[in-house]
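**Q** 3D model of this:
(2 chains)
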Amino acid sequence: MRAAVLLLILLPPMVAQDLCKDSKDGFKVRLSIKTALGDKAYEWNKSEMFLFRSTLAFAMRRANQSNQDTNYDTANILVCNDTQRVSFVFVVTSPDDPTQLIPREQVEQAVKLSKHRINNVFLLSDMTLEFVGIPPTLAAPIVYDTPPWLIVFGVVIGAVAVGIMALLMSTVSKTRRAKDKAAGFAGEDAGIVKENGTTLSSLGGVYNQAFSNDDRFTQL
Amino acid sequence: MDTTSKASSTPERPKWDNKVQYLLTCVGFAVGLGNVWRFPYLCQIYGGGAFLIPYLIALVFEGLPLLYLELAIGQSLRKGSIGVWHSISPLLGGLGVASMILSFLVGLFYNTILAWVLWYFFHSFEDPLPWSQCPINDDNTGYVEECVISTPVNYYWYRQTLNISPDLEESGSLQWWLVLCLASAWSIVYICFIRGIETIGKAVYVTATFPYLVLTIFLVRALTLPGATDGLRYLFTPDWTLLTNPQVWLDAATQIFFSLSLAFGGLIAFSSYNPKKNDCERDAVFVGCINSATSLYASIPIFAILGFKATSNFNACIAGNILDLTNAFDIAEKNITTENYENWLMFLNSSDPDKVSGLNLKPCVLQNFLGQSASGTGLAFIVFTEAVIEMPGSQVWAVLFFVMLFSLGLSSMFGNLEGVLTPLLDLHMVPKWMPKEIFTGLICVLSFLVALIFTLGSGNYWLEIFNSYVGSVPLLVIAFFEIIGVVCFYGMNRFCDDIEFMTGRRPNLYWRVCWMGISPVMLLVVLVAYVAVQVQTHPMYPAWNPQYEKFPETEVKPYSDWVFAICVLLSSVPVLSIPLVAVYRLIRRQTRSQTGSSYQNPYSNPAFTPDEPIQTFKAL
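**A** This next block holds a predicted model:
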């Protein structure tokens, strides 16, 4: 009689251990707390494990919200192979039948859905809280309306264009002022000299090479 | 000869506002990208401190004499490269033409490198830096495969910047973003170059001095980074045995030569705007020494940062191995550290060797990481950008680095373009109605259009071809003929007289010995050795081919025949003008001597030609 009672009491945990060990529906979890938090790292103990199991139960509930079957509890999360690494294996049992395991794919879906919440509970990230076999979903790339490099490009090109315009304008105004001055001189004369007086060709003369100040000819 | 139009509309030759502008422009021209990304690499692979010996010997016996020569002839003859060589001897007019063609071709690809620098500069403002992580593929399931197999930095350079084609034959299309960057590079060059030395002289106050400021900032930052001393020790540890290798001497001589930007005609152009009485000997020594000093100064922060990068990679390698071991054996976190890694490895190997070998741990040796050096674009856009990611405040360092590269390259571009502009102005090829601004604009637009080749998918391969074939042998040939031209055709005595007039003293024995003997011999030896080394192997190029089975290694492919023909053409066509012009002049001289005197009689006064119509006296 006593033996039967003892067996009855000890059976569920033993059964639970058997369900967890070597199960194909289980996932290995790895936490790297010291890497993530450094000095502020907390110690992994039974309370933290309880938190993990309740978080995972929450994840299962959240995944099955449309279903009426949302009575997942911490007792449905079974853990084994706990190591010093802080890594262990867990399986999820069905709330209706504790001997039946939830298939791997469903657990994977649930974890993927709530990974961000699970990470934040433990102050970890996708890198430091690993579910072996469940790759983290990558963050969607940021889409800009105008890529920032085009903005910098626009600023640079705009400044350069303004500078070029300014320089060209100053040249134009300089030549215009020179022309006005030359036109002023021409007006005083009888009109024989058309242009700026320094242009010898307009006078119709011929350059007298004997007076060239080109060094090649003057050096003896 | 039409002497009327030639002399009648001669405006005063432009001149430098002050000596500082001139010196800064020459220093800026000489100090370029090569000082930052070629010299440190050579120093490292040729035995560190020992390389300084052939380098300094080359500077003293080859670099400085040639530099002094170019500055002196430009200052005394007061013309651009074509005019100067025509004055020395009409047979040598081809030298000037060759310099001009070379300056144009080099300017084309040099500014494309600046366009790439601009592209990286524009992206340095992003957070996180785009080359620090792989982009996600189309269906958000993972990272782009090409990036995962190689590294994010490599992927960013080869795919997102160049979008390089796997083969030179496949040209691909114009990459619009590179066209935009090229357009901005040429616009920036134009605005500085718009009025010739008037605007260049103002721009060099910034472009020539800013790199030194940035190098100093980097020096201070780099020396405080972990691993900096490893990098510096690796760079400067002398390996004297390498001095017996002739390749070292060849590379030292070519490095000095190309670093000083000789034979482009740009230095002749710059010094032609000087007043006649200017001490060009001191200028030459100053520019030459500053150039070498800058190379040395730049190599310190570069190698400190490379040492930091090697240390970071080494630590990451060890950390990766530690993580693998920790996960496989379920050891508590942080039990295995970098210090006791070796002990743990031995212990685990002895207890379970199969499991350890199954992990495929990477061998982490610091020397291997230090040895991963690169030169050229590989250093700037791959190695250095990777280092910058690890530094705190990456954006600031990236921006500073690329602005420094841009100003280094920009001041060298001024010299290239002056080497094109000044001869054209001296030859009066500019129509009178065209102001200088429009003419410089035309040069820039034409260069931009031709340089669009380098924005194609295969553009980088073409740039390497230009770099190796245009920027090497022709320059050596031109420099050799320059020295021969001055020593043999102009005459050493006449040249010394000119220098005495300009500087107030005759050049001393060292200069004369170098000009007449050592430098031409050295140049000839370097030229012959260089060509001999090149022709020994059929030229190959490294191609980035994702389909290659050993990817991410680059696939080494040979140049096909038509490409090789283009390479030979690029090397020989600029140089061909030297014999062509000489032959043409000889023929003209022969035909002229048969018909009558060809040289102008300086005492003939065309103003008194009795055949002239009466209208010549109308205006008097």
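**Q** show me what the lengthiest helix in chain A is packed against.
**A** Using DSSP state H to define each element, chain A has its longest helix at helix A:148-188. In terms of contacts (3 or more C-beta pairs under 8 Å, 6 or more residues apart in numbering or on different chains; DSSP states H and E), helix A:148-188 is packed against helix B:93-123, helix B:176-193, helix B:436-451. The C-beta positions use only the backbone N, C-alpha and C, and glycine is treated the same way.
**Q** name the residue of the stretch 351-500 of chain B that lies nearest to chain A.
**A** residue B:437 (5.5 Å; C-beta to the nearest C-beta).
**Q** phi first, then psi, for the spatially most central residue of chain A.
**A** Among the residues of chain A, the one closest to the centroid is residue A:141, at 6.6 Å (C-alpha atoms, centre = their mean). The phi/psi pair for residue A:141 (degrees, to the nearest 10) reads phi -70, psi 140.
**Q** find the nearest non-adjacent residue to it, please.
**A** residue B:136 (5.4 Å; C-beta to C-beta, 6 or more residues apart in numbering or on different chains).
**Q** now swap in residue B:78 and tell me
**A** residue B:272 (5.0 Å).
**Q** assess the claim that the one you found and residue B:77 are in contact.
**A** Yes. Counting by C-beta atoms under 8 Å, residue B:272 does reach residue B:77; the two are 7.2 Å apart.
**Q** so, low pLDDT: which residues of the chain?
**A** Picked chain A for this. A:7-17, A:68-70, A:185-220 (pLDDT under 70).
**Q** wrong chain, I was asking about chain B
**A** Using pLDDT under 70, the flagged stretches of chain B are B:1-11, B:595-602, B:604-620.
**Q** residue ranges of the strands in it, please?
**A** Per DSSP state E, chain B carries strands over the ranges B:540-543, B:555-558.
**Q** so which elements touch the last one?
**A** What it means is strand B:555-558. Partner elements for strand B:555-558 (3+ C-beta pairs under 8 Å, 6+ apart): strand B:540-543.
**Q** name the helices or strands packed onto the strand it packs on?
**A** Short answer (3+ C-beta pairs under 8 Å, 6+ apart): strand B:540-543 packs on helix B:459-469, strand B:555-558.
**Q** excluding chain neighbours, give the residue nearest to residue B:355 in space.
**A** Nearest residue to residue B:355 in three dimensions, chain neighbours excluded: residue B:328, at 6.2 Å (C-beta to C-beta, 6+ apart).
**Q** quickly note the distance from that neighbour to residue B:357.
**A** For residue B:328, the distance to residue B:357 equals 11 Å [C-beta to C-beta, to the nearest Å].
**Q** neighbour count: those two, which is higher?
**A** Taking neighbours as other C-beta atoms under 10 Å in any protein chain shown, residue B:328 and residue B:357 compare with residue B:328 leading, 15 against 10.
**Q** excluding chain neighbours, give the residue nearest to residue B:279 in space.
**A** Ranked by C-beta to C-beta, 6+ apart and with sequence neighbours excluded, the top spatial neighbour of residue B:279 is residue B:503, at 4.8 Å.
**Q** again but with residue B:514, I slipped
**A** Closest to residue B:514 by C-beta to C-beta, 6+ apart is residue B:65, at 3.9 Å.
**Q** gap between the one you found and residue B:260?
**A** 11 Å.
**Q** check residue B:38 too.
**A** Using C-beta to C-beta, residue B:38 is found at 13 Å from residue B:260.
**Q** neighbour-wise, which of the two wins?
**A** Higher neighbour count among residue B:38 and residue B:260: residue B:260, with 29 against 20, using other C-beta under 10 Å.
**Q** which residues does that one contact?
**A** B:30, B:63, B:66-67, B:287-288, B:291 (C-beta atoms under 8 Å, 6 or more residues apart in numbering or on different chains).
**Q** what's it sitting at in phi/psi?
**A** The phi/psi pair for residue B:260 (degrees, to the nearest 10) reads phi -80, psi 0.
**Q** ok, the nearest residue to residue B:214 once chain neighbours are set aside - contacts?
**A** Sequence neighbours aside, residue B:404 is the residue nearest to residue B:214 in space, at 3.9 Å (criterion: C-beta to C-beta, 6+ apart). With contact set as C-beta under 8 Å, 6+ apart, residue B:404 has these partners: B:36, B:210-211, B:214-215.
**Q** so which of the residues you listed belong to helices?
**A** B:36, B:210-211, B:214-215.
**Q** nearest to chain A among those?
**A** Among the ones in helices among the contacts of residue B:404, residue B:210 lies closest to chain A (C-beta to the nearest C-beta), at 15.8 Å.
**Q** and the closest one, how many residues sit next to it?
**A** Residue B:210, neighbours per other C-beta under 10 Å, totals 18.
**Q** wait, it touches residue B:403, no?
**A** Yes. Residue B:210 is within contact range of residue B:403, at 7.2 Å (criterion: C-beta under 8 Å).
**Q** and the closest residue in space to residue B:152 that isn't next to it in sequence, how many neighbours does it have?
**A** Computed as C-beta to C-beta, 6+ apart, the closest residue to residue B:152 that is not its neighbour in sequence is residue B:134, at 5.0 Å. Number of residues near residue B:134 (other C-beta under 10 Å) recorded here: 19.
**Q** how about residue B:134, what does it touch?
**A** B:143-144, B:147-148, B:152, B:155.
**Q** do residue B:39 as well
**A** So residue B:39 contacts B:255, B:259, B:295-296, B:298-299 (C-beta under 8 Å, 6+ apart).
**Q** now those residues as CSV including neighbour count?
**A** Formatted as CSV, the contacts of residue B:39 follow (neighbours: other C-beta atoms under 10 Å in any protein chain shown):
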residue, neighbour count
B:255, 26
B:259, 24
B:295, 22
B:296, 14
B:298, 23
B:299, 23
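**Q** a markdown table for these, including distance to chain A?
**A** Below are the contacts of residue B:39 laid out as a markdown table (distance: C-beta to the nearest C-beta, whole Å):
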| residue | distance to chain A |
| --- | --- |
| B:255 | 33 |
| B:259 | 29 |
| B:295 | 29 |
| B:296 | 32 |
| B:298 | 25 |
| B:299 | 30 |
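**Q** sorry, back to before: between the contacts of residue B:404, which is nearest residue A:5?
**A** Minimum distance to residue A:5 across the contacts of residue B:404 is 82.5 Å, recorded for residue B:214 (C-beta to C-beta).
**Q** my guess is that closest one meets residue B:403, correct?
**A** Yes. Applying C-beta under 8 Å as the test, residue B:214 and residue B:403 come out as touching, 7.0 Å apart.
**Q** quick one: which of these two has more around it?
**A** More neighbours surround residue B:214 than the other of residue B:214 and residue B:403, with 20 against 17 (other C-beta under 10 Å).
**Q** residue B:272 and residue B:77 - which one has more neighbours?
**A** residue B:272 (26 against 21).
**Q** and that one, what does it touch?
**A** Per C-beta under 8 Å, 6+ apart, neighbours of residue B:272: B:13, B:74-75, B:77-80, B:84, B:422.
**Q** run the last query once more with 7 Å
**A** Residues near residue B:272 by C-beta atoms under 7 Å, 6 or more residues apart in numbering or on different chains: B:74-75, B:78-80, B:422.
**Q** can you add neighbour count and give those back as a markdown table?
**A** As requested, the contacts of residue B:272 are exported to a markdown table (neighbours: other C-beta under 10 Å):
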| residue | neighbour count |
| --- | --- |
| B:74 | 26 |
| B:75 | 25 |
| B:78 | 19 |
| B:79 | 23 |
| B:80 | 29 |
| B:422 | 30 |
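**Q** next step: the residues you listed restricted to helices.
**A** Using DSSP H, the contacts of residue B:272 in helices are B:74-75, B:422.
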